[in-house]
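Participant: 3D, please:
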Amino acid sequence: MELYLADTLIDGTGEKPKTNVEILVDGGRIKEVVPAGSVPRPSDISVYSLPGSTVLPGFIDVHTHLMFGAGARSYEDVINNDSDDLMIIRGSRNAYLHLRAGVTMLRDCGARNKVTFAIREAANAGIILSPRIHISGRPLTITGGHFWWCNEEADGVDGVRAATRKLLKEGVDFIKIMASGGGTQGTDSTRASYTVEEMAAATFEAHQVGKKATAHTLAAESVERAVEAGLDQIEHFNFLHPDGSRIWDQVVADKIVQKGMVLSPTIQTGYRQIETLQNKAAAEDEILTELEEKQLAAGLYKLETKLEFIGRFKDMGAPIVAGTDAISVFGDYAVGLELFHRAGLSPMEVIISATSLAAKAIGVEDELGTVKPGMLADFIYLDGDPLENVQKLNNVETVVLNGKVVVDKRLDMAVGLPALADGDVKMSPIV
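Facilitator: You can find the predicted model right below:
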């Protein structure tokens, strides 16, 4: 057994924080959460503490793409030049970077061939140090559609049904549907791809075996079709129109809320590029090119409308969950949570979106998302109080996965390499 001390505990349920508590872990599960000193302990029990910190459930990222994380390289550059083997190795590294950011559960929303199958199995076997992983495998897409090079093109109701059954047979954890175009060359982000009937067929097959389905929806029409098809969750919901405008649709929004659909805004996509361009524009010795000015304007328009959409959905009571859509960089999780706060979520609502609500969205709420007896022992230590300042969510110092300390940044090497890659942190006995 292990004993973890928490000066402050935010348990992910939405209840007020608890102070000076003990978390007793046995066999990877939380056995007790009690006031410190209220229960006698053996003198030789292993104890971990980080004075002045706040303990939270481990973060959950409902939308990643582990095979990427290749910086500013385009999709096509990565796809044309990188092997599946390289993607597996890079994906394993990406998973670890996310773990160091406090993410103890992630969902991969689309990769080529069986890349993420291999990463998931390596994580499950303990070969790599990684968050828990759910995968969609190859996303369903129309012929020539977004992510077609992942190799699961499927057309028509029968074709989509057969492809979905194949993915489920292979062991995916959920189904991902590309309901509109995207950043893939030759596709149109402003137009829907699949019909309502095609998406409904895939969703039905997933539900038949107790699994969920989610859809990539940039185009306004794709959002509407995904709602009519009965998807469990929609990603992005940019409400893009063919003229490039992003316009809120109250009728569709009402249907989303009525059906209890989960919303994954992936708010932070492109945000770091906006910061870079803004910093360049503010510098005295640099001038934005005409292309950069257009990129900045487009990025700001996307960000402002997405913040508006999130705020509106929040006011309507829609479930909003945290997902990075990690493409360029992994380990930069908390910036999306800061943007949720800008959109109108309270600090506690932000934390819930990244923990218990995200766990419910992906179907693991009975095991993850809260720090309570009976749950898997996945939690993190933060430096500071995130209810006072949401930026503290970026200050992850320690990560506990399955009851074991797998990250303790106090022990990082001076050269910047993460220490303790074997997942073994020495704990001290009570004296």
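
Participant: how much space separates Glu76 from Thr217?
Facilitator: Here the criterion is C-beta to C-beta, to the nearest Å. By it, Glu76 lies 23 Å from Thr217. Quick note: C-beta positions are derived from backbone N, CA and C, even for glycine.

Participant: out of the two, which sits in the busier spot?
Facilitator: Neighbour count, other C-beta atoms under 10 Å: between Glu76 and Thr217, Thr217 has more, with 29 against 13.

Participant: return the residues in contact with Val78.
Facilitator: Met67, Phe68, Ala70 (C-beta atoms under 8 Å, 6 or more residues apart in numbering).

Participant: secondary structure class for it?
Facilitator: With DSSP: H, G, I helix; E, B strand; the rest coil as the basis, Val78 sits in helix.

Participant: same check, this time on Lys294
Facilitator: helix.

Participant: just the pLDDT at it, thanks.
Facilitator: Looking at Lys294, its pLDDT stands at 96.

Participant: circling back: most neighbours, which of the contacts of Val78?
Facilitator: Highest count within the contacts of Val78 by other C-beta under 10 Å belongs to Met67, 26 neighbours.

Participant: roughly how far does it sit from Leu86?
Facilitator: Counting by C-beta to C-beta, the gap from Met67 to Leu86 is 9 Å.

Participant: now do Gln268
Facilitator: 25 Å.

Participant: where do the helices sit along the stretch 251-400 of the chain?
Facilitator: For the stretch 251-400 of the chain, the helices defined by DSSP state H, counting those that start in this stretch cover 271-282, 290-316, 334-342, 347-354, 356-361.

Participant: okay, the angle between the longest one and helix 271-282?
Facilitator: Direction vectors for helix 290-316 and helix 271-282, defined by axes from the mean of the first three to the mean of the last three C-alpha atoms, to 10 degrees, enclose an angle of 130 degrees.

Participant: against which helices or strands is helix 290-316 packed?
Facilitator: Helix 290-316 sits against strand 233-240, helix 250-259, helix 271-282, helix 334-342, with contacts defined as 3 or more C-beta pairs under 8 Å, 6 or more residues apart in numbering; DSSP states H and E.

Participant: now do it against helix 347-354, angle only.
Facilitator: Using the same axes, to 10 degrees: helix 290-316 against helix 347-354 is 100 degrees.

Participant: next, the angle from helix 290-316 to strand 233-240.
Facilitator: Going by the same axes, to 10 degrees, helix 290-316 makes 130 degrees with strand 233-240.

Participant: buried sites along helix 290-316?
Facilitator: 292, 295-296, 299, 302-303, 305-307, 309-311, 313-314 (16 or more other C-beta atoms under 10 Å).

Participant: so for Asn389, which of the helices and strands packed on helix 290-316 sits nearest?
Facilitator: helix 334-342 (9.7 Å; C-beta to C-beta).

Participant: tell me the buried residues in stretch 236-246?
Facilitator: His236, Phe237, Asn238, Phe239, Leu240, Arg246.

Participant: quick one: average pLDDT of it?
Facilitator: 97.

Participant: same question for stretch 404-412.
Facilitator: Mean predicted confidence for stretch 404-412 is 89.

Participant: repeat for stretch 306-326
Facilitator: Stretch 306-326 comes out at a mean pLDDT of 97.

Participant: and for stretch 351-370?
Facilitator: 98.
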